[in-house]
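A.B. asks: Quick one, structure for this:
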Amino acid sequence: MKKDADDAETAIISSSAKVILDFLERDIAAHPERLQPVTDEQVRRIHSLVGDVSVELDTPLQPDDA
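C.D. replies: Residues are numbered from 1 along each chain as shown. Reported below is the predicted structural model:
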């Protein structure tokens, strides 16, 4: 039963990811001039915002987090 739920969740995530990736592919092909490299300053800024935050993707959310 758990495996079926995992397979269904993976299919949904995969389907959602495909939609996003397809959109990005079309947008990049249509407007390659919009692409910009990530700068060192942006990376430093991101690190300053998230710091040492760790994320456990396999840990279920608590009811209050949903």
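A.B. asks: Any stretches of the protein with poor pLDDT?
C.D. replies: Residues of the chain that meet the criterion pLDDT under 70 lie in 1-6, 9, 66.
A.B. asks: residue ranges of the helices in it, please?
C.D. replies: 2-30, 40-50 (DSSP state H).
A.B. asks: How about the contacts made by the spatially most central residue of the chain?
C.D. replies: Of all residues in the chain, the one closest to the mean position by C-alpha atoms, centre = their mean is A17, 8.3 Å from it. A17 makes contact with no residue, according to C-beta atoms under 8 Å, 6 or more residues apart in numbering. (Each C-beta comes from the backbone N, C-alpha and C, glycine too.)
A.B. asks: From E33, how far out is it?
C.D. replies: With the distance defined as C-beta to C-beta, to the nearest Å, A17 ends up 25 Å from E33.
A.B. asks: possible to save the helices of the chain as a markdown table with distance to Q62?
C.D. replies: Shown next, in a markdown table, are the helices of the chain (distance: least, C-beta to C-beta, whole Å):
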| stretch | distance to Q62 |
| --- | --- |
| helix 2-30 | 18 |
| helix 40-50 | 20 |
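A.B. asks: Nearest to D58, out of those?
C.D. replies: helix 2-30 (11.1 Å; C-beta to C-beta).
A.B. asks: on that earlier part again, which one, of the helices of the chain, ends up nearest to P60?
C.D. replies: helix 2-30 (11.8 Å).
A.B. asks: what about the closest one, distance to the chain center?
C.D. replies: Relative to its chain's centre, helix 2-30 lies at 10 Å (C-alpha atoms, centre = their mean, to the nearest Å).
A.B. asks: buried stuff in it?
C.D. replies: By neighbour count with 16 or more other C-beta atoms under 10 Å, helix 2-30 contains no buried residues.
A.B. asks: still on that earlier bit, if we compare the helices of the chain, which one ends up closest to E56?
C.D. replies: Once the helices of the chain are compared by C-beta to C-beta, helix 40-50 is nearest, at 14.6 Å.
A.B. asks: helices or strands up against the closest one?
C.D. replies: When contacts are defined as 3 or more C-beta pairs under 8 Å, 6 or more residues apart in numbering; DSSP states H and E, helix 40-50 packs onto no helix or strand at all.
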